[in-house]
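# Here's a sequence, model it:
(2 chains)
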2 protein chains.
Amino acid sequence: MGSCTTTGGRSPAVGRPRASGAIMANNRQILVKELPEGPLEERHFELREAPIPTPDAGEVLTRTIYLSLDPANRAWMRGATYRAPVEAGDVMAGFTVAQVIDSRDPGFRPGELVECESGWQEHAVHPARALRRLERRGPLSHHLSALGITGLTAYFGLLEIGRPRAGETVVVSAAAGATGSVAGQISRIRGCRTVGLAGSDDKCAWLTEELGFDSAINYKTEKARPALKEHCPGGIDIYFDNTGGEILEAALFRMNLHGRVVCCGAISQYDTATPAPGPRGVPGLIVTKRLRVEGFLVSDFFRHRAEATDQLARWIADGQLVVREEILEGLEAAPRGLIGLLHGENFGKRMVRVAPEP
Amino acid sequence: MGSCTTTGGRSPAVGRPRASGAIMANNRQILVKELPEGPLEERHFELREAPIPTPDAGEVLTRTIYLSLDPANRAWMRGATYRAPVEAGDVMAGFTVAQVIDSRDPGFRPGELVECESGWQEHAVHPARALRRLERRGPLSHHLSALGITGLTAYFGLLEIGRPRAGETVVVSAAAGATGSVAGQISRIRGCRTVGLAGSDDKCAWLTEELGFDSAINYKTEKARPALKEHCPGGIDIYFDNTGGEILEAALFRMNLHGRVVCCGAISQYDTATPAPGPRGVPGLIVTKRLRVEGFLVSDFFRHRAEATDQLARWIADGQLVVREEILEGLEAAPRGLIGLLHGENFGKRMVRVAPEP
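Numbering: from 1, shown residues only, chains lettered A, B, ... in the order given. All right, here's what the predicted structure looks like:
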């Protein structure tokens, strides 16, 4: 067994699992050894074994089943965002689907499945309020993909921020990614002309042949600005932005009057020491085209979560929404899996199976 | 009399006055001789005399009384915006308050006062649909300042796009300008903590001492980012942006969660051959802070124009809204007046008296 490693002396915040406590057995964890200055590498992480913590009153011990890998994980290493930053020495943060192992809170019983932010470790203790009981629908992994944060982000971002009307043109960047692939399919379901940008010909073929996108652009072989002109002859009504940077700039120049830019993420800016300058055309094009450029966080819309999950599950059940997942095996796969995600390796949702499904 | 100068052979668009036609007498006009590459100079304009045109059926001849000078005039010289671009050889474009001299449309009678876009000339012929009858309230000049496009832009931008709540912090750039000075006063009337940025200590003193701003920043002597931190210790809820560029960037870093950026103009980008790159933090800060960054055009809200004008007139009448105007004398003053405006000379609304009030 390795040395006992804690997440530091800070007072526990909601969602920050406690990894210290009384000793039971081994808890394998991946820590951030050093924050990256430039691109993330495996050397920035470190595998450790720590004691499995025991819950205090009001707390719950969970075992991680699936660990979500998300581009936002890298953004959390850059400083405070909508959550506290990940710092050197911390267990790497991440969304998880987990099972309750031990509970000292009346609201949770051993064996129950929950959603939580256990981070990159096999076990974690949470305050009960930081857990959400999971109502299982179909494969458990869907609760990290189309029925989880990823799918809900696509759903609320497109429908509540973008507000599509049938017949409009919707462009999605990182369209073969976990969120983009769902956003584009919802756009298609809602009767919009749907154009995706992705980083390989294989991904583009998947978008148009399997997911029903009307058109796809390989942004690594085509320049975004002329390509958007060619693929969107009537302009863009909604741009669902997962990337920021050059593609955002190109889209702004192609937006129609009263267009909407759904600011979901900025993948192009996360894994670099030198973020690009802001897009030209800000604010000029926003003024002259009367654009609405709006950010959101999925949790802003959680009051509508149940109906959104129901709708997504119905679309999956009737074959309208294709879910693609890449499930890596074992906690040790997480660093390489996240690095690859940041390089655009993935088709659909990437996650790690940390323990077998119960 | 000079040579007959026309606006070129293009088909007349709504709002583009016709300056040719049968000969009556002199019509002094200022034309764009050459489009500026960099900063606008007097040499880019040319004074000419042309015949006063006569209206055809459905048209109206007007005499210009007041000509509005607006930073947007310069933006129109950079290419298509929300209107056709101003091109070399055109009569320079501009909003005007005018009097009907001759009418061949049953909707208008000689002597009536109208709002129109006659541009920089003493007389113009308009299609009747391009005119709007003016209901005079107090000084005629107010219909180009607080009761005109300028005041309505401030009103709708702040209230409809910004949606202020009492107690919020509102920051206004170009706050001593025509639109900014009204936006900031409405913010104060609505119970918001109001901070202005302006380009001189005299302007800053005017904002806080005469207009009731809570605080003012001279952006020429203070760096915007630390100054906004000092003057807005609780962050910014609404940023009313007239400038774009560095001040927009600094404001983005200081915005509160769910803040709103009202994209009204981009003065810093109009009078230059080398517009600044976009602000850093786009889209990253928009995502993490869930900002809404939204452009608008005053005409989008004209269905509510009457109630807005009523409200503005009441605020002026009861002393809550201070109106400051700089009225230059004679059409020839327009080029120098616009150039000075672009250099930030003006306090409040600048306009030219082209003919005496009737």
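# number of nearby residues for the residue of chain A found nearest chain B?
Residue of chain A nearest chain B, by C-beta to the nearest C-beta: A:G278 (2.9 Å). Using the backbone N, CA and C atoms, a C-beta is placed for each residue, glycine as well. Per other C-beta atoms under 10 Å in any protein chain shown, the neighbour tally for A:G278 reads 25.
# Retrieve the pLDDT associated with it.
Note on A:G278: pLDDT of 92.
# Correct me if wrong: it contacts B:I286.
No - with contact defined as C-beta atoms under 8 Å, A:G278 does not count as touching B:I286 (10.2 Å).
# what's the spacing between the closest residue to the residue of chain A closest to chain B other than its chain neighbours and A:P275?
With sequence-adjacent residues excluded and distances taken as C-beta to C-beta, 6 or more residues apart in numbering or on different chains, A:G278 is closest to B:G278, at 2.9 Å. Distance from B:G278 to A:P275, counting by C-beta to C-beta, to the nearest Å: 12 Å.
# Check A:P356 too.
Distance of A:P356 to A:P275, computed by C-beta to C-beta: 40 Å.
# Kindly report the same for A:V261.
According to C-beta to C-beta, A:V261 and A:P275 sit 18 Å apart.
# Compare neighbour counts for these two and give me the winner.
A:V261 (27 against 16).
# Name all residues that make contact with the nearest residue to that one once chain neighbours are set aside.
Closest residue to A:V261 apart from its sequence neighbours, by C-beta to C-beta, 6+ apart: A:V293 at 4.2 Å. By C-beta atoms under 8 Å, 6 or more residues apart in numbering or on different chains, the contact list for A:V293 reads A:260-261, A:263, A:282, A:286, B:282-283, B:286, B:292-294.
# Would you agree A:V293 falls within a strand?
Yes - under DSSP: H, G, I helix; E, B strand; the rest coil, A:V293 sits within a strand.
# mind listing what's buried in stretch A:104-119?
Of all the residues in stretch A:104-119, those buried under the rule 16 or more other C-beta atoms under 10 Å in any protein chain shown are A:105, A:108, A:112-119.
# Take those and keep only those in strands.
In this view, the buried residues of stretch A:104-119 that belong to strands under DSSP state E are A:113-116.
# A:E34 sits in which helix or strand?
Assigned by DSSP states H and E, A:E34 belongs to no helix or strand.
# Please look at it and A:A88 and confirm they touch.
Yes - A:E34 is in contact with A:A88 according to C-beta under 8 Å; the separation is 5.6 Å.
# mind checking the SS state of A:R63?
Look at A:R63: counting by three-state DSSP, its state is strand.
# that older thread, are any of the contacts of A:V293 buried, and if so which?
Using 16+ other C-beta under 10 Å as the burial test, the contacts of A:V293 include A:260-261, A:263, A:282, A:286, B:282-283, B:286, B:292-294 as buried.
# Out of those, list just those in helices.
Taking DSSP state H, the ones among the buried ones among the contacts of A:V293 that sit in helices are A:286, B:286.
# Flag every residue of the stretch 151-300 of chain A that's near chain B.
Within the stretch 151-300 of chain A, the positions adjacent to chain B are A:241, A:244, A:248-249, A:261, A:263-266, A:269, A:275, A:277-297, A:300 by C-beta under 8 Å from any C-beta of the partner chain.
# these two touch, right, A:R305 and A:L152?
Yes - A:R305 is in contact with A:L152 according to C-beta under 8 Å; the separation is 6.6 Å.
# Which one's more surrounded, these two?
Higher neighbour count among A:R305 and A:L152: A:L152, with 22 against 15, using other C-beta under 10 Å.
# In contact with the residue nearest to that one when sequence neighbours are not counted, which residues?
Leaving aside its chain neighbours, A:L152 sits nearest to A:V298 (5.0 Å; criterion: C-beta to C-beta, 6+ apart). Listed by C-beta under 8 Å, 6+ apart, the contact set of A:V298 reads A:149, A:152-153, A:156-157.
# mind giving me the domain split of chain A?
Domain ranges of chain A: A:26-144+A:324-353, A:149-300, per automatic domain parsing.
# Any chance of TSV for those domains, columns distance to B:L47?
Below are the domains of chain A laid out as TSV (distance: least, C-beta to C-beta, whole Å):
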stretch	distance to B:L47
domain A:26-144+A:324-353	57
domain A:149-300	30
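# deepest of these, which one?
domain A:149-300 (a mean of 22; mean count of other C-beta atoms under 10 Å in any protein chain shown).
# Need the distance between the two termini of that one.
Taking C-alpha to C-alpha, to the nearest Å, the first and last residues of domain A:149-300 lie 12 Å apart.
# what does stretch A:339-355 give?
In stretch A:339-355, first residue to last residue: 21 Å (C-alpha to C-alpha).
# average pLDDT for it?
Averaging pLDDT along stretch A:339-355 yields 97.
# How about stretch A:83-93?
96.
# Would it count as contacting chain B?
No - using C-beta under 8 Å from any C-beta, stretch A:83-93 never reaches chain B; the gap is at least 9.1 Å.
# Off-centre distance for that stretch?
Computed by C-alpha atoms, centre = their mean, to the nearest Å, the chain-centroid distance of stretch A:83-93 equals 17 Å.
# And stretch A:99-113, by the same measure?
Using C-alpha atoms, centre = their mean, the offset of stretch A:99-113 from its chain centre is 26 Å.
# got the end-to-end distance for it?
5 Å.
# At which residues are the helices of chain A located?
Using DSSP H, helices in chain A cover A:71-75, A:149-156, A:178-189, A:201-209, A:224-231, A:245-254, A:267-270, A:284-288, A:305-317, A:334-342.
# For the nearest residue to A:N346 once chain neighbours are set aside, name its beta-bridge partners.
What sits nearest to A:N346 in space, not counting adjacent residues and going by C-beta to C-beta, 6+ apart, is A:E326, at 5.5 Å. Counting by DSSP bridges, A:E326 is bridged to A:R350.
# Now for A:E326: which residues touch it?
By C-beta under 8 Å, 6+ apart, the residues touching A:E326 are A:346-351.
# Pick out the most distant pair among those residues.
The largest separation in these, counting by C-beta to C-beta, is between A:F347 and A:M351 at 12.8 Å.
# just for chain A, where's the confidence low?
A:1-24 (pLDDT under 70).
# Provide a list of residues in contact with the residue most central in space within it.
With distances taken as C-alpha atoms, centre = their mean, the residue of chain A nearest its centroid is A:D70 (4.1 Å). With contact set as C-beta under 8 Å, 6+ apart, A:D70 has these partners: A:94-95, A:149-150, A:178, A:341.
# so A:N73 touches A:P85, yeah?
No - counting by C-beta under 8 Å, A:N73 stays clear of A:P85, with 11.7 Å between them.
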